[in-house]
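Asks: just to be clear, the model below is a prediction. Sequence and coordinates:
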Amino acid sequence: MLRYIFRRVLFLIPVLVGVAFCVFLLLYLTPGDPAKMVLGDLATEQAIQEFREKEGLNDPFWIRFGKYVYKAVVKGDIGRSYSSKTPVMKELMAAFPATIKLSGFAMIIAVIIGLPCGIISAIKQYSVFDTITMIFAMIGLSMPVFWLGLLMILLFSVKLRWLPSSGFDTFKAMILPSFALSAQAISMVTRMTRSSMLEVIRADYIRTVRAKGQTERVVIWGHALHNALIPVMTIVGLQFGHLLSGAMLTESIFAVPGLGRLMVTSIMARDYPMVQGAVLFVATAFSVVNLLVDILYAYVDPRIKAQYK
Amino acid sequence: MAELNVTETQLRKQRGPFAEVMHRLSKSPLAMFGLGFIFLLVFCAVFANWLAPYPFAKQNLLHMFELPSAKYWLGTDEFGRDILSRLIFGARVSLQVGFIAVGISLIVGGLLGAFAGFYGGTLDNMIMRVMDVLLAIPQTLLAIAIAAALGPGLYNLMIAVGISAVPNYARIVRGSVLSIRGMEYVEAARAVGSSDLRIILRHIIPNSMAPIIVQSTLGVASAILNAAGLSFIGLGIQPPNPEWGAMLSGGRQYIRDFPHLTLYPGLAIMLTILALNFLGDGLRDALDPKLKR
């Protein structure tokens, strides 16, 4: 087990360097001179040259990339924002809690609603409940998160005046963004739980349990659910990535001061170090979550554990 | 009775693979709804010039923010432009982006996946490690990063959305090529001296189509959704061009007083995605009867 974890953590390093490279390359190819963006159109040629020299913008591509990785790994320094002049890491850390809270709440809501709906749908396959749940799951899957957010604002903030339409400081303010963001995740969890449950229910060992005369309750809760939840865990982990990127749109609708809003404003302002840092940050978070899910997976599923003994 | 069964099997045999799939698809009402809606949308997109009551960019400042009426079926927006006309022209943009973006991901991802799966070894390893890196960035985020680098515009939007989905297609194509490569009929083809190219074109591609068709249908849905999201944050289609996401974003600031500006474009996006998802789900069942429970 330890060997498996070690291997997976080691594998993370080339992936993250690769991500850093992709982002670096993309921004390198982006038209527009960051020096001019930062200093404004009125800057003198000399000031621009000084800025380029100071920020290392005149160096060849590989040297710039090497320096970036070196500083990031050794000092945890991923540059300074062009517009606010503060270290990127500091700004990311300030914005991260809101995003992680938002995605976390959305995930919790998705599991709380999605799991039971999926289980009941599978047990009562082709029932009215199943049909309605599946149609709603499909609608949830097709709902653009930004439109759902706007509809919620319209209903709960404008018409009913129950909840605030922006901010993320109070519990009341967190409700709308979390639910808006969770719609797709709820649908995914419901669908995955249902199909995985259906598959397990038809397995031979469940027939054996039934044959020996166990009650339906023991069959479902004692035998089927445990095995059906394994693939659901993967979906939950993958959904986290979708939630992090969905949070970008949700945050700009509900004015949540998180990573997503920071990223959108940085893209508009061509704040290269900020965008690089944010993408790298989200990719790291996403990879770490997936790694944790995989480890948990191996822990729960003895078949995987056995391969790495 | 026995005779009847024989004729029935013969009838089934006579249907080509396409007709057979269509026959199975027609049994699912949701999938047929999806297919019907997509046809309607394609019709709107093709004949937008004749169908739309007004030109999409025609402003009429005397009729701003009008509610739906006989003259303007879905009302007018902040510049007095007819919302229905803009939605009809917007179908053109969304469908173009959806299909072309999926085309891009399919060609790039499909080729990479096919090479990786067919030749295996170092090439496979190299291609799939690059895909692993791209998969570490959530897809919407990758699309945003690419769109930000390329700048706004229709073609850049297609490229950004298309490239961001490449790893998904590479993985699926590789998986199905890997499973087919070991089949006996491929071995037989090789034994009678078929070239690699012939094996790929005649045997591997036709037999690996089913999962790719399903993925592409669902892929068009997520491409349209992604494109609308990018336009919504200002990285996609620029005004005055009608794009559903951009229309939503434009109407957003008037939501308190004139919700119809955001209601209809959002509904158009949702129904389109819903239709494509229903169709994709139906196709999955129709193409693979083994999966049907």
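Replies: Received the coordinates, thanks.
Asks: going forward, measure contacts between C-alpha atoms and count neighbours the same way
Replies: Fine.
Asks: can you give me the neighbour number for the closest residue to chain A within chain B?
Replies: Of all residues in chain B, B:Ala149 sits closest to chain A, at 4.5 Å by Cα to the nearest Cα. Neighbourhood size, B:Ala149 [other Cα atoms under 10 Å in any protein chain shown]: 23.
Asks: read off the pLDDT value for whatever residue of chain A ends up closest to chain B.
Replies: Chain B sits closest to A:Thr30 of chain A, with a gap of 4.5 Å, by Cα to the nearest Cα. On pLDDT, A:Thr30 comes in at 75.
Asks: now B:Met1
Replies: What the model reports as pLDDT for B:Met1 is 44.
Asks: any weak-confidence spans in the chain?
Replies: Reading this off chain A. By pLDDT under 70, the weakly predicted segments of chain A are A:304-305, A:307-309.
Asks: hm, I was asking about chain B
Replies: For chain B, the stretches with pLDDT under 70 are B:1-15, B:289-293.
Asks: contacting residues around the helix or strand that contains B:Gly162?
Replies: Using DSSP states H and E, B:Gly162 sits within helix B:154-164. Contacts with helix B:154-164, where a contact means Cα atoms under 8 Å, 6 or more residues apart in numbering or on different chains, come from B:97-98, B:100-105, B:134, B:139-140, B:142-144, B:146-147, B:150, B:223, B:226-227, B:230, B:235-237.
Asks: test my guess that the residue of chain B closest to chain A contacts A:Pro31.
Replies: Yes. With contacts counted by Cα atoms under 8 Å, B:Ala149 reaches A:Pro31, the gap being 7.3 Å.
Asks: residue numbers of the stretch 151-293 of chain B in contact with chain A?
Replies: Residues of the stretch 151-293 of chain B found near chain A (Cα under 8 Å from any Cα of the partner chain) are B:151, B:225, B:229, B:233, B:248, B:252, B:255-256, B:259, B:262-263, B:266, B:269-271, B:273-274, B:277-278.
Asks: which PyMOL command selects the buried ones in the residues you listed?
Replies: Buried residues among these (16 or more other Cα atoms under 10 Å in any protein chain shown), as a PyMOL selection:
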select buried, chain B and resi 151+225+229+233+248+252+255+259+262+263+266+269+270+271+273+274+277+278
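Asks: show me what from chain A comes close to chain B.
Replies: With Cα under 8 Å from any Cα as the criterion, chain A meets chain B at residues A:15-16, A:18-19, A:23, A:26-27, A:29-31, A:138-139, A:141-144, A:146-147, A:150-151, A:154, A:158, A:241-242, A:244-246, A:249, A:264, A:267, A:279, A:282-284, A:286-287.
Asks: so the closest residue to the residue of chain A closest to chain B other than its chain neighbours: helix, strand or coil?
Replies: Nearest residue to A:Thr30, sequence neighbours excluded (Cα to Cα, 6 or more residues apart in numbering or on different chains): B:Ala149, at 4.5 Å. Under DSSP: H, G, I helix; E, B strand; the rest coil, B:Ala149 falls in the helix class.
Asks: distance check, B:Ala149 against B:Ala52.
Replies: Distance, B:Ala149 to B:Ala52, by Cα to Cα, to the nearest Å: 35 Å.
Asks: in terms of helices and strands, where is the nearest residue to B:Tyr254 once chain neighbours are set aside?
Replies: The spatially closest residue to B:Tyr254, leaving aside those adjacent along the chain, is B:Leu261, at 7.6 Å (Cα to Cα, 6+ apart). Element membership for B:Leu261 (DSSP H and E) is helix B:260-287.
Asks: now for that helix, which elements pack on it?
Replies: Contact here means 3 or more Cα pairs under 8 Å, 6 or more residues apart in numbering or on different chains; DSSP states H and E; on that basis helix B:260-287 packs against helix A:128-142, helix A:145-152, helix B:17-25, helix B:29-46, helix B:83-119, helix B:209-232, helix B:244-251.
Asks: picking up where we left off before, residues touching the residue of chain B closest to chain A, list them.
Replies: So B:Ala149 contacts A:Leu26, A:Leu27, A:Leu29, A:Thr30, A:Pro31 (Cα under 8 Å, 6+ apart).
Asks: for B:Gly229, same thing?
Replies: B:Gly229 neighbours (Cα under 8 Å, 6+ apart): A:Pro144, A:Phe146, A:Leu249, B:Gly245.
Asks: next up, the contacts around A:Glu216.
Replies: Here A:Glu216 is in contact with A:Arg210 (criterion: Cα under 8 Å, 6+ apart).
Asks: quick revisit: okay, and which of the contacts of B:Ala149 map to helices?
Replies: If you go by DSSP state H, the contacts of B:Ala149 have A:Leu26, A:Leu27, A:Leu29 in helices.
Asks: I'd like these laid out as TSV, including distance to B:Ala160.
Replies: As requested, those are exported to TSV (distance: Cα to Cα, whole Å):
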residue	distance to B:Ala160
A:Leu26	11
A:Leu27	14
A:Leu29	14
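Asks: whichever of those residues end up buried, select them in PyMOL.
Replies: Of the ones in helices among the contacts of B:Ala149, the buried ones go into a single PyMOL selection, burial set by 16+ other Cα under 10 Å:
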select buried, chain A and resi 26+27
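Asks: and stretch B:46-56, how far apart are its ends?
Replies: Using Cα to Cα, one end of stretch B:46-56 lies 15 Å from the other.
Asks: from A:Gly167, how far out is A:Thr250?
Replies: Separation of A:Thr250 from A:Gly167 (Cα to Cα): 11 Å.
Asks: out of the contacts of B:Gly229, who's nearest B:Val192?
Replies: Nearest to B:Val192 among those is A:Pro144, at 52.4 Å by Cα to Cα.
Asks: okay, now that closest one: neighbour count?
Replies: Other residues close to A:Pro144 by other Cα under 10 Å number 28.
Asks: which residues touch it?
Replies: By Cα under 8 Å, 6+ apart, the neighbours of A:Pro144 are B:Leu225, B:Gly229, B:Gly266, B:Ile269, B:Met270.
Asks: show me the residue at the heart of chain B, geometrically.
Replies: Nearest residue to the geometric centre of chain B (Cα atoms, centre = their mean): B:Val220, 1.1 Å.
Asks: next, count neighbours for the nearest residue to that one once chain neighbours are set aside.
Replies: Counting by Cα to Cα, 6+ apart, B:Gly98 is the residue found nearest to B:Val220 once chain neighbours are left out, at 4.8 Å. When counting by other Cα under 10 Å, one arrives at 25 neighbours for B:Gly98.
Asks: let me see the contact set for B:Gly98.
Replies: For B:Gly98, the contacting residues are B:Met158, B:Gly219, B:Val220, B:Ala221, B:Ala223, B:Ile224, B:Ala227, by Cα under 8 Å, 6+ apart.
Asks: from B:Val214, how far off is it?
Replies: B:Gly98 sits 15 Å away from B:Val214, taking Cα to Cα as the criterion.
Asks: please apply the same query to B:Gly151.
Replies: The gap separating B:Gly151 from B:Val214 is 31 Å, by Cα to Cα.
Asks: so which residues on the stretch 1-150 of chain B come close to chain A?
Replies: Counting by Cα under 8 Å from any Cα, the stretch 1-150 of chain B comes close to chain A at B:130, B:132-134, B:136-141, B:145-146, B:148-150.
Asks: now, of those, which are buried?
Replies: Among the residues of the stretch 1-150 of chain B next to chain A, those buried by neighbour count (16+ other Cα under 10 Å) are B:132-134, B:136-141, B:145-146, B:148-150.
Asks: for A:Val256, state which of these is nearest.
Replies: Nearest to A:Val256 among those, with distances taken as Cα to Cα, is B:Leu141, at 17.6 Å.
Asks: wait, the closest one touches A:Ser245, no?
Replies: Yes. The pair B:Leu141 and A:Ser245 passes the contact test of Cα under 8 Å, sitting 5.6 Å apart.
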